[in-house]
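Chemist: Need a 3D model of the following:
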Amino acid sequence: MLDVWYRASLVAHPFLSAEFLARERQLIAEEYLPQSETSVYERDGRVVGFVSMVGDEVGGIFVEPRLQRQGIGRALLDHAFESRSAMELGVFEKNELAQSFYAAYGFEVVGRRVEEDTGEPELRLRFVSG
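Modeler: Numbers count the residues shown, from 1 in each chain. From the prediction side, this is the model:
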């Protein structure tokens with residue numbers, strides 16, 4: 001999963017430093033994944049995507065870059081939403097690919113802030129089935 005996260009992060013977050021990504025990788029492995037409810041998408045016995053939820057918060061959703069735009073991300077969010085009435089998440093403003101994906105899924109912008117650790121603007125998105 002961490003390899004999928006890293007490869008997808010390089011594509012989605014080219015504006016983040018290598019040092020920041022290295023710290024995040026360690027935090028994900030040691031803190032975030034153990035605290036989250038994570039569902040994986042496998043192909044040929046290999047993890048090619050995953051979504052991690054903390055309550056109604058999408059902590060992260062990542063799909064192997066070469067397999068994006070094949071419905072994997074949508075399937076992961078559909079699965080996560082089965083047991084929820086709403087979902088929220090933060091996405092960097094510079095991550096236009098993710099913003100397009102979330103908008104197509106039905107998420108709406110409900111706020112904006114500057115992310116503390118990076119200084120990057122981040123949008124707050126919310127999805128409610130309706």
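Chemist: Could you pull up the contacting residues of Ala80?
Modeler: With contacts defined as C-beta atoms under 8 Å, 6 or more residues apart in numbering, the neighbours of Ala80 are 39, 51, 53, 58, 87. The C-beta positions use only the backbone N, C-alpha and C, and glycine is treated the same way.
Chemist: Distance check, it against Glu88.
Modeler: Note on Ala80: its distance to Glu88, by C-beta to C-beta, to the nearest Å, is 12 Å.
Chemist: and for the two, which residues touch both?
Modeler: Taking C-beta under 8 Å, 6+ apart as the contact criterion, the common neighbours of Ala80 and Glu88 are Val58.
Chemist: picking up where we left off before, most neighbours among the contacts of Ala80, which one?
Modeler: Val51 (26 neighbours; other C-beta atoms under 10 Å).
Chemist: for this protein, which spans come out with low pLDDT?
Modeler: Screening the chain residue by residue with the criterion pLDDT under 70, one finds the ranges 130.
Chemist: Recalculate using a threshold of 80.
Modeler: Where the chain drops to pLDDT under 80, the residues are 129-130.
Chemist: Much appreciated, bye for now.
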